[in-house]
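Asks: Predicted coordinates and the sequence they were generated for:
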Amino acid sequence: MFEPFGLFLLIFSLGVLVSLWINDSIYRWSYTSAPISSWQLRASGLGRLSIWERVPVVGWLLRSRRTDDVKEFGRWFWIRPALIELLVPWCYVVLFWLLRRGHCMPEGVLIPEAFWPQYVAYSILLFLLIIATFIDFDERMIPDCITIPGTLIGLIGSTFFYGWNWLERVQLIEPPFTQVTRTLHANSPESAPVFWQHGSFLSLVIVLVGWTIWCLSLVDFPWITRRGWRKAFVYAWVRFWQAINLRSVATMMFSGWVLLGIGYFVLSDLQWDRLLSAVVGMSLGGFLVWAFRMVASEVLGMEALGFGDVTLMAMVGAFLGWQVVWLAFFLAPLFGIAIVIVRLLFTGDTSTPFGPYLSAATIYLMLDWRRVWEVTREWMFPATFAPWILIVLLVILGALLWLIHRVERLIGLR
């Protein structure tokens, strides 16, 4: 499977270190979870851990016999961390193997110089998605300390590292319904129209608007429509200016304006186009989940998704582009069925958050993109159609949710 063996050993060893970091981050970056990590400060009353109790996998087996840990964290606290440290190194080995065999790229597309940047990009995204998934399981939320830095890494990597996305020529139907051949980023938005490309003022406007909307969406303010949209807007406006993170978000937004303005004049044509691609993916990914959240909440009268799901898909879009965002969002319920069944069998709990579904669908698309692209490339629409298709889908979704809600009330389930 691996030649030479030394490369396999290196990848596996790095995977072991990453698994330790994942376990530590799950408990360190969460808000309410107990400090279970072997590398966190131990609570008073708990004995000190030996060096052997910090060894990957083996350490959790030893800690499972510690009376103080079992009493503090529960009888089965050690199983999930042990499984993470057992499986994650193999995940990074499999990722390497799939990339090397071309499973993560369209058929016939082999770019040797893009291999390592792509492996680094996928490794970082996999790391962030695993942490977000398990924190979401535990606390029904995804911390900003995962998605905000992750989105920034996605934007920077897409801009400066060739290989975070690639190109393929495909047939597309464009107005007035004529078939044309266009260069399409198979893992990112299509090549921008001429008036979007580097040198066009509109491309700078698109990047600045996308960046501004993403920054403003990070400000802590509520949107509550129980007393009507007018009061919801007034209340949100007041709370927006009172938000505790407004100053830090404003600083980040203004800094981004300066850097993006400089980048417009300094970056090469290809770098700017890749940045535009990442910003479109970030904006569309976040807006897709946010719009679904708003429609579902209005129809059902309750919060359907957390805002962490919005920032999670914005991060995915910054890494992978709008095509993967679309497919991940609509594949997520299928993965959700499997996750709910497994969770029900092991815990008896069916109230699984939506973030793990999105993460599972994204990881699948990352690893099996060659097969997925062969199926979807024939009907993939241009990026310029995406907003209109989104509106149509949201109308259909709202109608279906309303119908389901009414049927449940008629038969007495609500």
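Replies: Received, thanks. On a predicted model such as this, the values are computed, not experimentally measured, just so you know. Numbering: from 1, shown residues only.

Asks: Quick check: buried residues in the helix or strand harbouring residue 230?
Replies: Assessed by DSSP states H and E, residue 230 sits inside helix 229-242. Within helix 229-242, the residues scored as buried using 16 or more other C-beta atoms under 10 Å are residue 235. Where C-beta positions appear, they are placed from N, C-alpha and C, glycine not excepted.

Asks: Then stretch 20-28?
Replies: 20, 22, 23, 24, 25, 26, 27, 28.

Asks: mind listing which of these are in helices?
Replies: With DSSP state H as the criterion, helices contain 20, 22, 23, 24, 25, 26, 27, 28 from among those.

Asks: Disregarding residues adjacent in the polypeptide, which is nearest to the first one?
Replies: In this case it means residue 20. residue 56 (6.2 Å; C-beta to C-beta, 6 or more residues apart in numbering).

Asks: can you count the residues close to the one you found?
Replies: 19 (other C-beta atoms under 10 Å).

Asks: Equivalent analysis for residue 325, please.
Replies: Close neighbours of residue 325, defined as other C-beta under 10 Å, add up to 31.

Asks: wait, it sits on residue 317?
Replies: Yes - judged on C-beta atoms under 8 Å, residue 325 makes contact with residue 317 at a distance of 4.6 Å.

Asks: anything in contact with each of the two?
Replies: By C-beta atoms under 8 Å, 6 or more residues apart in numbering, residue 325 and residue 317 have these common neighbours: 281, 284, 285.

Asks: ok, now how distant is the second one from residue 292?
Replies: In this view, residue 284 and residue 292 are 12 Å apart by C-beta to C-beta, to the nearest Å.

Asks: Once you drop chain neighbours, what's closest to residue 114?
Replies: residue 163 (2.8 Å).

Asks: Same question for residue 332.
Replies: residue 357 (3.9 Å).

Asks: need the contact list for that neighbour.
Replies: Residue 357 makes contact with 332, 333, 335, 336, 339, according to C-beta under 8 Å, 6+ apart.

Asks: Throw together a ChimeraX command that grabs the buried residues out of those residues.
Replies: Per 16+ other C-beta under 10 Å, the buried members of the contacts of residue 357 correspond to this ChimeraX selection:
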select :332,335,336,339
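
Asks: How much space separates residue 221 from residue 278?
Replies: Distance from residue 221 to residue 278, by C-beta to C-beta: 26 Å.

Asks: likewise residue 150?
Replies: Distance from residue 150 to residue 278, counting by C-beta to C-beta: 12 Å.

Asks: Now the common contact residues for the two.
Replies: Common neighbours of residue 150 and residue 278, using C-beta under 8 Å, 6+ apart, are 318, 319.

Asks: Looking at those two, which one has more neighbours?
Replies: Between residue 150 and residue 278, counted using other C-beta under 10 Å, the more crowded position is residue 278 (29 against 25).

Asks: buried residues in the helix or strand containing the more buried one?
Replies: Using DSSP H and E, residue 278 sits in helix 269-300. Using 16+ other C-beta under 10 Å as the test for burial, helix 269-300 gives 271-297, 299.

Asks: Same check on stretch 32-43?
Replies: When burial is assessed from 16+ other C-beta under 10 Å, stretch 32-43 yields the following buried residues: 33, 35, 36, 37, 38.

Asks: ends of it, how far apart?
Replies: In stretch 32-43, first residue to last residue: 14 Å (C-alpha to C-alpha, to the nearest Å).

Asks: List the contacts of that stretch.
Replies: So stretch 32-43 is contacted by 20, 23-24, 26-28, 48-49, 53-54, 59-60, 63, 72-73, 77, 81, 135, 138-139 (C-beta under 8 Å, 6+ apart).

Asks: Let's see which of these end up in strands.
Replies: Using DSSP state E, no member of the contacts of stretch 32-43 sits in strands.

Asks: Show me these that map onto helices.
Replies: 20, 23-24, 26-28, 59-60, 63, 72-73, 81, 135, 138-139.

Asks: and those, which two are the farthest apart?
Replies: Pairwise distances among these were taken by C-beta to C-beta; the largest, 24.4 Å, belongs to 59 and 139.

Asks: between the two, who's got more neighbours?
Replies: residue 59 (21 against 16).

Asks: so is residue 56 in a helix, a strand, or just coil?
Replies: State at residue 56, reduced to three classes by DSSP: H, G, I helix; E, B strand; the rest coil: coil.

Asks: if we can go back for a sec, can you flag which of the contacts of residue 357 belong to helices?
Replies: Judged by DSSP H, helices contain the following of the contacts of residue 357: 332, 333, 335, 336, 339.

Asks: Now name the helix or strand holding the closest residue to the fourth one other than its chain neighbours.
Replies: Closest residue in space to residue 336, ignoring its immediate chain neighbours: residue 357 at 3.9 Å, by C-beta to C-beta, 6+ apart. Following DSSP H and E, one finds residue 357 within helix 355-367.

Asks: So for that helix, mean pLDDT?
Replies: For helix 355-367, mean pLDDT rounds to 90.

Asks: That one versus helix 269-300: what angle between them?
Replies: Orientation check (axes from the mean of the first three to the mean of the last three C-alpha atoms, to 10 degrees): helix 355-367 against helix 269-300 gives 150 degrees.

Asks: Pull out the buried positions in the next helix or strand after helix 355-367.
Replies: Sequence order places helix 369-376 as the next helix or strand after helix 355-367, per DSSP H and E. Buried residues in helix 369-376, counted by 16+ other C-beta under 10 Å: 369, 370, 372, 373.

Asks: Just list the residues touching the closest residue to residue 317 other than its chain neighbours, thanks.
Replies: If you skip the residues right next to it in sequence, residue 317 has residue 285 as its closest partner in space, 2.9 Å away by C-beta to C-beta, 6+ apart. Residues in contact with residue 285 (C-beta under 8 Å, 6+ apart) are 313, 314, 315, 316, 317, 318, 322, 325.

Asks: Rank the residues you listed by pLDDT and give me only the lowest.
Replies: residue 322 (74).

Asks: Neighbours of that one, how many?
Replies: Counted with other C-beta under 10 Å, residue 322 comes out at 23.

Asks: any chance you could read off phi and psi for it?
Replies: Per-residue torsions, residue 322: phi -70, psi -30 (degrees, to the nearest 10).

Asks: pretty sure it is touching residue 278, no?
Replies: No - counting by C-beta under 8 Å, residue 322 stays clear of residue 278, with 9.9 Å between them.

Asks: ok, so of the buried residues of stretch 32-43, who is nearest residue 121?
Replies: Taking the buried residues of stretch 32-43 together and measuring to residue 121 by C-beta to C-beta, the closest member is residue 37, at 26.4 Å.
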